[in-house]
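Novice: 3D, please:
(chains A and B)
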Amino acid sequence: MEKYTDKELLSLFSDPATRELAFTRLMEKYQHKLYWHIRRMVISHQDTDDVLQNTFIKVWNHLDSFRGGSELFTWLYRIATNEALTFLKKQKRSSFLPWSGYEQEMEETLESDEYFSGDVIAEKLQKALIRLPEKQRLVFNMKYFDNMKYEEMSKILNTSVGALKASYHHAVKKIEESLSRD
Amino acid sequence: MKKKKEDMDRVLRDIGENGGFRVPDSYFDELPGRVMEKIRRGEVPASVPVAHKHRRRILSLAAAAVITLLFVTGFLLLQERNRSAREGRATANVTAYLISGDFNEQTLYDFMEEENILPEMSAVTQDDDQIIDYLVNEGVDESLLAELY
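Specialist: The predicted structure follows:
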(Lines give C-alpha, C1' and ligand atoms only; values in the text may rest on other atoms or scores of the structure.)
Protein backbone atom coordinates (compact mmCIF):
# COMPACT_ATOMS: atom_id res chain seq x y z
CA MET A 1 0.00 0.00 0.00
CA GLU A 2 1.32 3.39 -0.99
CA LYS A 3 2.20 5.70 1.90
CA TYR A 4 1.03 9.27 1.58
CA THR A 5 2.24 12.29 3.46
CA ASP A 6 -0.33 14.38 5.29
CA LYS A 7 0.04 17.08 2.66
CA GLU A 8 -0.69 14.63 -0.13
CA LEU A 9 -3.68 13.23 1.71
CA LEU A 10 -5.14 16.71 2.20
CA SER A 11 -4.56 17.53 -1.44
CA LEU A 12 -6.27 14.31 -2.59
CA PHE A 13 -9.12 14.96 -0.19
CA SER A 14 -9.80 18.36 -1.71
CA ASP A 15 -10.49 16.71 -5.07
CA PRO A 16 -13.97 15.08 -5.17
CA ALA A 17 -12.67 12.37 -7.49
CA THR A 18 -10.10 11.15 -4.96
CA ARG A 19 -11.81 12.21 -1.78
CA GLU A 20 -12.86 8.75 -0.60
CA LEU A 21 -9.51 7.20 -1.47
CA ALA A 22 -7.70 9.94 0.45
CA PHE A 23 -9.88 9.48 3.48
CA THR A 24 -9.50 5.71 3.46
CA ARG A 25 -5.73 6.15 3.37
CA LEU A 26 -5.92 8.69 6.19
CA MET A 27 -7.87 6.24 8.34
CA GLU A 28 -5.43 3.45 7.58
CA LYS A 29 -2.57 5.71 8.54
CA TYR A 30 -3.94 6.92 11.88
CA GLN A 31 -6.47 4.33 13.04
CA HIS A 32 -4.05 2.37 15.25
CA LYS A 33 -2.79 5.35 17.20
CA LEU A 34 -6.23 6.86 17.61
CA TYR A 35 -7.74 3.50 18.56
CA TRP A 36 -5.26 2.90 21.37
CA HIS A 37 -5.54 6.46 22.58
CA ILE A 38 -9.33 6.11 22.88
CA ARG A 39 -9.20 2.54 24.18
CA ARG A 40 -7.01 3.48 27.12
CA MET A 41 -9.58 6.07 28.09
CA VAL A 42 -12.92 4.29 27.53
CA ILE A 43 -11.59 0.78 28.31
CA SER A 44 -14.01 -1.48 26.39
CA HIS A 45 -13.40 -2.41 22.77
CA GLN A 46 -17.03 -1.91 21.78
CA ASP A 47 -17.14 1.63 23.18
CA THR A 48 -13.78 2.41 21.58
CA ASP A 49 -15.09 1.25 18.21
CA ASP A 50 -18.12 3.56 18.51
CA VAL A 51 -16.03 6.54 19.63
CA LEU A 52 -13.43 5.98 16.90
CA GLN A 53 -16.05 5.74 14.15
CA ASN A 54 -17.63 8.96 15.36
CA THR A 55 -14.20 10.57 15.42
CA PHE A 56 -13.58 9.65 11.78
CA ILE A 57 -17.02 10.80 10.67
CA LYS A 58 -16.39 14.15 12.35
CA VAL A 59 -13.01 14.36 10.67
CA TRP A 60 -14.67 13.69 7.28
CA ASN A 61 -17.18 16.46 7.92
CA HIS A 62 -14.58 19.03 8.98
CA LEU A 63 -11.42 18.12 7.12
CA ASP A 64 -12.18 20.77 4.50
CA SER A 65 -11.93 23.41 7.19
CA PHE A 66 -8.59 22.10 8.45
CA ARG A 67 -6.20 24.88 7.59
CA GLY A 68 -2.99 23.17 8.52
CA GLY A 69 -2.31 25.55 11.39
CA SER A 70 -1.25 22.53 13.39
CA GLU A 71 -0.11 19.10 12.31
CA LEU A 72 -2.86 16.84 11.01
CA PHE A 73 -2.09 14.24 13.65
CA THR A 74 -2.42 16.80 16.47
CA TRP A 75 -5.80 17.86 15.06
CA LEU A 76 -7.01 14.24 14.79
CA TYR A 77 -5.79 13.50 18.29
CA ARG A 78 -7.67 16.49 19.63
CA ILE A 79 -10.94 15.35 18.03
CA ALA A 80 -10.45 11.81 19.33
CA THR A 81 -9.68 13.11 22.84
CA ASN A 82 -12.78 15.29 22.85
CA GLU A 83 -14.93 12.40 21.65
CA ALA A 84 -13.52 10.07 24.32
CA LEU A 85 -14.01 12.64 27.10
CA THR A 86 -17.55 13.40 25.92
CA PHE A 87 -18.32 9.70 25.98
CA LEU A 88 -16.94 9.34 29.52
CA LYS A 89 -18.96 12.36 30.66
CA LYS A 90 -22.15 10.81 29.31
CA GLN A 91 -21.30 7.50 30.88
CA LYS A 92 -20.78 9.22 34.23
CA ARG A 93 -24.11 11.01 33.94
CA SER A 94 -25.93 7.79 33.12
CA SER A 95 -24.46 6.09 36.16
CA PHE A 96 -27.00 7.38 38.66
CA LEU A 97 -27.11 4.57 41.18
CA PRO A 98 -25.60 6.26 44.23
CA TRP A 99 -24.24 3.03 45.65
CA SER A 100 -22.38 2.04 42.53
CA GLY A 101 -19.40 4.30 41.93
CA TYR A 102 -18.37 5.24 38.44
CA GLU A 103 -14.86 3.84 38.92
CA GLN A 104 -16.34 0.54 40.02
CA GLU A 105 -18.44 0.40 36.87
CA MET A 106 -15.33 1.04 34.79
CA GLU A 107 -13.52 -1.75 36.62
CA GLU A 108 -16.43 -4.09 35.89
CA THR A 109 -16.31 -3.07 32.23
CA LEU A 110 -12.61 -3.92 32.21
CA GLU A 111 -13.16 -7.32 33.83
CA SER A 112 -16.00 -8.22 31.47
CA ASP A 113 -14.29 -7.05 28.27
CA GLU A 114 -13.48 -10.12 26.22
CA TYR A 115 -10.69 -8.20 24.52
CA PHE A 116 -8.76 -7.64 27.72
CA SER A 117 -6.00 -10.11 28.43
CA GLY A 118 -7.15 -10.73 31.98
CA ASP A 119 -3.53 -10.82 33.09
CA VAL A 120 -3.33 -9.98 36.82
CA ILE A 121 -0.58 -7.41 36.43
CA ALA A 122 -2.26 -5.65 33.53
CA GLU A 123 -5.54 -5.62 35.43
CA LYS A 124 -3.80 -4.11 38.46
CA LEU A 125 -2.34 -1.31 36.39
CA GLN A 126 -5.55 -0.61 34.48
CA LYS A 127 -7.52 -0.45 37.72
CA ALA A 128 -4.96 1.95 39.16
CA LEU A 129 -5.35 4.09 36.02
CA ILE A 130 -9.15 3.99 36.20
CA ARG A 131 -8.98 5.45 39.73
CA LEU A 132 -7.08 8.48 38.45
CA PRO A 133 -8.87 11.72 37.54
CA GLU A 134 -9.52 11.74 33.77
CA LYS A 135 -7.01 14.50 33.02
CA GLN A 136 -4.22 12.72 34.88
CA ARG A 137 -5.07 9.44 33.16
CA LEU A 138 -5.01 11.13 29.80
CA VAL A 139 -1.65 12.76 30.46
CA PHE A 140 -0.15 9.54 31.80
CA ASN A 141 -1.34 7.54 28.78
CA MET A 142 -0.09 10.08 26.27
CA LYS A 143 3.26 10.44 27.98
CA TYR A 144 3.91 6.87 28.87
CA PHE A 145 2.23 4.75 26.18
CA ASP A 146 2.31 7.20 23.25
CA ASN A 147 5.73 8.65 24.11
CA MET A 148 4.37 12.10 23.42
CA LYS A 149 6.31 15.24 24.26
CA TYR A 150 4.79 17.73 26.68
CA GLU A 151 4.84 20.42 23.98
CA GLU A 152 2.78 18.22 21.66
CA MET A 153 0.39 17.30 24.46
CA SER A 154 0.04 20.96 25.29
CA LYS A 155 -1.27 21.66 21.77
CA ILE A 156 -3.74 18.77 21.89
CA LEU A 157 -5.07 19.35 25.37
CA ASN A 158 -4.76 23.13 25.28
CA THR A 159 -2.98 23.07 28.65
CA SER A 160 0.33 24.57 29.72
CA VAL A 161 3.43 22.35 29.81
CA GLY A 162 3.84 23.08 33.53
CA ALA A 163 0.31 21.89 34.31
CA LEU A 164 0.87 18.74 32.24
CA LYS A 165 4.11 17.97 34.06
CA ALA A 166 2.32 18.37 37.39
CA SER A 167 -0.51 16.11 36.23
CA TYR A 168 1.93 13.43 35.11
CA HIS A 169 3.86 13.67 38.38
CA HIS A 170 0.64 13.24 40.43
CA ALA A 171 -0.50 10.37 38.23
CA VAL A 172 2.80 8.49 38.62
CA LYS A 173 2.73 8.92 42.40
CA LYS A 174 -0.84 7.65 42.65
CA ILE A 175 -0.14 4.66 40.42
CA GLU A 176 2.96 3.77 42.46
CA GLU A 177 0.91 3.99 45.64
CA SER A 178 -1.86 1.92 44.18
CA LEU A 179 0.45 -0.80 42.87
CA SER A 180 2.39 -1.11 46.12
CA ARG A 181 -0.86 -1.24 48.15
CA ASP A 182 -2.79 -3.86 46.16
CA MET B 1 9.87 5.38 47.43
CA LYS B 2 12.48 3.63 45.29
CA LYS B 3 10.68 0.32 45.81
CA LYS B 4 7.38 1.79 44.58
CA LYS B 5 9.06 3.14 41.47
CA GLU B 6 10.62 -0.25 40.78
CA ASP B 7 7.21 -1.93 41.23
CA MET B 8 5.65 0.40 38.71
CA ASP B 9 8.46 0.05 36.19
CA ARG B 10 8.26 -3.73 36.41
CA VAL B 11 4.47 -3.73 35.91
CA LEU B 12 4.70 -1.37 32.94
CA ARG B 13 7.48 -3.42 31.40
CA ASP B 14 5.50 -6.65 31.83
CA ILE B 15 2.22 -5.52 30.35
CA GLY B 16 3.65 -4.15 27.10
CA GLU B 17 2.54 -1.17 25.06
CA ASN B 18 -1.15 -2.10 24.82
CA GLY B 19 -1.66 -2.41 28.55
CA GLY B 20 -3.23 -5.84 28.32
CA PHE B 21 -5.88 -4.82 25.77
CA ARG B 22 -6.52 -6.79 22.59
CA VAL B 23 -8.38 -6.07 19.36
CA PRO B 24 -10.57 -8.54 17.42
CA ASP B 25 -8.86 -10.17 14.45
CA SER B 26 -8.91 -8.08 11.29
CA TYR B 27 -10.55 -5.17 13.11
CA PHE B 28 -8.20 -2.62 11.55
CA ASP B 29 -8.64 -4.15 8.09
CA GLU B 30 -12.39 -3.67 8.24
CA LEU B 31 -12.75 -0.37 10.08
CA PRO B 32 -12.04 2.05 7.17
CA GLY B 33 -14.61 0.22 5.01
CA ARG B 34 -17.24 0.36 7.75
CA VAL B 35 -16.66 4.08 8.33
CA MET B 36 -16.79 4.84 4.59
CA GLU B 37 -20.08 2.97 4.34
CA LYS B 38 -21.56 5.09 7.13
CA ILE B 39 -20.31 8.25 5.44
CA ARG B 40 -21.85 7.21 2.10
CA ARG B 41 -25.15 6.54 3.87
CA GLY B 42 -24.90 10.07 5.23
CA GLU B 43 -24.88 9.03 8.85
CA VAL B 44 -24.26 11.95 11.15
CA PRO B 45 -22.13 11.07 14.13
CA ALA B 46 -24.78 10.26 16.63
CA SER B 47 -23.96 10.50 20.24
CA VAL B 48 -22.12 7.33 21.06
CA PRO B 49 -24.37 4.85 22.85
CA VAL B 50 -23.14 4.65 26.37
CA ALA B 51 -22.43 1.05 27.23
CA HIS B 52 -25.00 -0.57 29.50
CA LYS B 53 -26.73 2.78 29.84
CA HIS B 54 -30.21 1.40 29.29
CA ARG B 55 -29.53 -1.75 31.21
CA ARG B 56 -28.42 0.36 34.18
CA ARG B 57 -31.49 2.58 33.90
CA ILE B 58 -33.82 -0.41 33.75
CA LEU B 59 -32.08 -2.03 36.70
CA SER B 60 -32.28 1.21 38.68
CA LEU B 61 -35.96 1.64 37.94
CA ALA B 62 -36.61 -1.99 38.83
CA ALA B 63 -34.69 -1.55 42.09
CA ALA B 64 -36.67 1.60 42.89
CA ALA B 65 -39.94 -0.20 42.10
CA VAL B 66 -39.03 -3.14 44.34
CA ILE B 67 -38.07 -0.81 47.19
CA THR B 68 -41.33 1.14 46.82
CA LEU B 69 -43.32 -2.11 46.73
CA LEU B 70 -41.59 -3.31 49.89
CA PHE B 71 -42.38 -0.02 51.67
CA VAL B 72 -46.03 -0.08 50.60
CA THR B 73 -46.45 -3.76 51.54
CA GLY B 74 -44.77 -3.15 54.90
CA PHE B 75 -47.00 -0.16 55.57
CA LEU B 76 -50.18 -2.09 54.70
CA LEU B 77 -49.14 -5.08 56.81
CA LEU B 78 -48.43 -2.77 59.74
CA GLN B 79 -51.83 -1.15 59.39
CA GLU B 80 -53.57 -4.52 59.19
CA ARG B 81 -51.72 -5.73 62.28
CA ASN B 82 -52.69 -2.58 64.22
CA ARG B 83 -56.33 -2.98 63.18
CA SER B 84 -56.38 -6.65 64.26
CA ALA B 85 -54.72 -5.71 67.54
CA ARG B 86 -57.32 -2.98 68.14
CA GLU B 87 -60.20 -5.38 67.45
CA GLY B 88 -58.63 -8.09 69.58
CA ARG B 89 -58.18 -5.60 72.42
CA ALA B 90 -61.85 -4.51 72.16
CA THR B 91 -63.13 -8.10 72.21
CA ALA B 92 -60.92 -8.95 75.16
CA ASN B 93 -62.18 -5.87 77.03
CA VAL B 94 -65.83 -6.82 76.42
CA THR B 95 -65.22 -10.41 77.51
CA ALA B 96 -63.43 -9.29 80.67
CA TYR B 97 -66.20 -6.81 81.38
CA LEU B 98 -68.92 -9.42 80.94
CA ILE B 99 -67.06 -11.94 83.08
CA SER B 100 -66.84 -9.42 85.89
CA GLY B 101 -70.67 -9.45 85.93
CA ASP B 102 -70.77 -5.86 87.04
CA PHE B 103 -73.01 -4.46 84.32
CA ASN B 104 -76.56 -3.63 83.37
CA GLU B 105 -78.07 -3.08 79.93
CA GLN B 106 -77.41 0.64 79.95
CA THR B 107 -73.75 0.39 80.98
CA LEU B 108 -73.22 -2.42 78.44
CA TYR B 109 -74.81 -0.30 75.72
CA ASP B 110 -72.69 2.73 76.72
CA PHE B 111 -69.57 0.60 76.76
CA MET B 112 -70.25 -0.87 73.31
CA GLU B 113 -71.01 2.55 71.95
CA GLU B 114 -67.76 3.89 73.43
CA GLU B 115 -65.80 1.05 71.86
CA ASN B 116 -67.63 1.53 68.57
CA ILE B 117 -68.69 -2.12 68.44
CA LEU B 118 -72.45 -1.75 68.47
CA PRO B 119 -74.18 -4.22 66.15
CA GLU B 120 -76.48 -2.79 63.54
CA MET B 121 -79.83 -2.22 65.21
CA SER B 122 -83.08 -3.09 63.49
CA ALA B 123 -85.07 -0.07 62.54
CA VAL B 124 -88.27 -1.84 63.64
CA THR B 125 -88.86 -2.37 67.34
CA GLN B 126 -91.64 -4.50 68.68
CA ASP B 127 -93.05 -4.26 72.21
CA ASP B 128 -94.02 -7.25 74.37
CA ASP B 129 -97.77 -6.95 73.69
CA GLN B 130 -97.28 -7.27 69.95
CA ILE B 131 -95.08 -10.33 70.47
CA ILE B 132 -97.68 -11.95 72.76
CA ASP B 133 -100.46 -11.19 70.25
CA TYR B 134 -98.41 -12.79 67.54
CA LEU B 135 -97.70 -15.89 69.61
CA VAL B 136 -101.38 -16.27 70.67
CA ASN B 137 -102.47 -15.96 67.05
CA GLU B 138 -100.00 -18.63 66.15
CA GLY B 139 -101.62 -20.97 68.73
CA VAL B 140 -98.89 -21.01 71.35
CA ASP B 141 -100.15 -22.36 74.70
CA GLU B 142 -101.14 -19.52 77.09
CA SER B 143 -99.70 -21.35 80.11
CA LEU B 144 -96.35 -21.44 78.32
CA LEU B 145 -96.66 -17.75 77.58
CA ALA B 146 -97.43 -17.09 81.23
CA GLU B 147 -94.25 -18.85 82.19
CA LEU B 148 -92.28 -16.69 79.76
CA TYR B 149 -93.79 -13.41 80.84
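Novice: Distance check, the residue nearest to A:Asp113 when sequence neighbours are not counted against B:Val72.
Specialist: Distances taken as C-beta to C-beta, 6 or more residues apart in numbering or on different chains place A:Ser44 nearest to A:Asp113, at 4.8 Å, with adjacent residues excluded. In short, each C-beta sits where N, CA and C put it, glycine included. Going from A:Ser44 to B:Val72 by C-beta to C-beta, to the nearest Å gives 38 Å.
Novice: Then A:Tyr168?
Specialist: To B:Val72, A:Tyr168 is 54 Å away according to C-beta to C-beta.
Novice: Show me how chain B divides into domains.
Specialist: When chain B is parsed into structural domains using automatic domain parsing, the resulting residue ranges are B:55-118, B:122-149.
Novice: Out of the ones you listed, which gets the lowest mean score?
Specialist: Lowest mean pLDDT of the domains of chain B: domain B:122-149, a mean of 66.
Novice: Find the residue closest to the residue of chain A found nearest chain B in space, skipping its chain neighbours.
Specialist: Of all residues in chain A, the one sitting closest to chain B is A:Ala122 (2.6 Å; C-beta to the nearest C-beta). Distance criterion C-beta to C-beta, 6+ apart; nearest residue to A:Ala122, sequence neighbours excluded, is B:Gly20 at 2.6 Å.
Novice: In contact with that neighbour, which residues?
Specialist: A:Phe116, A:Ser117, A:Gly118, A:Asp119, A:Ile121, A:Ala122, A:Glu123, A:Leu125, A:Gln126 (C-beta atoms under 8 Å, 6 or more residues apart in numbering or on different chains).
Novice: measure A:Met148 to A:Lys92 for me?
Specialist: 25 Å.
Novice: Between those two, which has more neighbouring residues?
Specialist: A:Met148 (19 against 14; other C-beta atoms under 10 Å in any protein chain shown).
Novice: So that one belongs to a strand, correct?
Specialist: No - with DSSP: H, G, I helix; E, B strand; the rest coil as the criterion, A:Met148 is coil rather than part of a strand.
Novice: Could you report the neighbour count for the residue nearest to it when sequence neighbours are not counted?
Specialist: In this structure, A:Met148 finds its nearest non-sequential neighbour in A:Met142, 4.5 Å apart by C-beta to C-beta, 6+ apart. Look at A:Met142: counted by other C-beta under 10 Å, it has 23 neighbours.
Novice: and A:Met142, what does it touch?
Specialist: Here A:Met142 is in contact with A:His37, A:Met148, A:Met153, A:Ile156 (criterion: C-beta under 8 Å, 6+ apart).
Novice: Of the residues you listed, which is the most crowded?
Specialist: Of the contacts of A:Met142, with other C-beta under 10 Å as the count, A:His37 tops at 26 neighbours.
Novice: And that one, what's its pLDDT?
Specialist: pLDDT recorded at A:His37 is 94.
Novice: wait, is it part of a helix?
Specialist: Yes - assessed with three-state DSSP, A:His37 lies in a helix.
Novice: Okay, and the closest residue to it other than its chain neighbours sits in which element?
Specialist: Spatial nearest neighbour of A:His37, chain neighbours left out: A:Ala80 (5.7 Å); criterion: C-beta to C-beta, 6+ apart. In this structure, A:Ala80 sits in helix A:72-94 according to DSSP states H and E.
Novice: Is it correct that the residue nearest to A:Asp113 is in contact with A:Glu108?
Specialist: No - counting by C-beta atoms under 8 Å, A:Glu108 is not a contact partner of A:Ser44; they are 10.2 Å apart.
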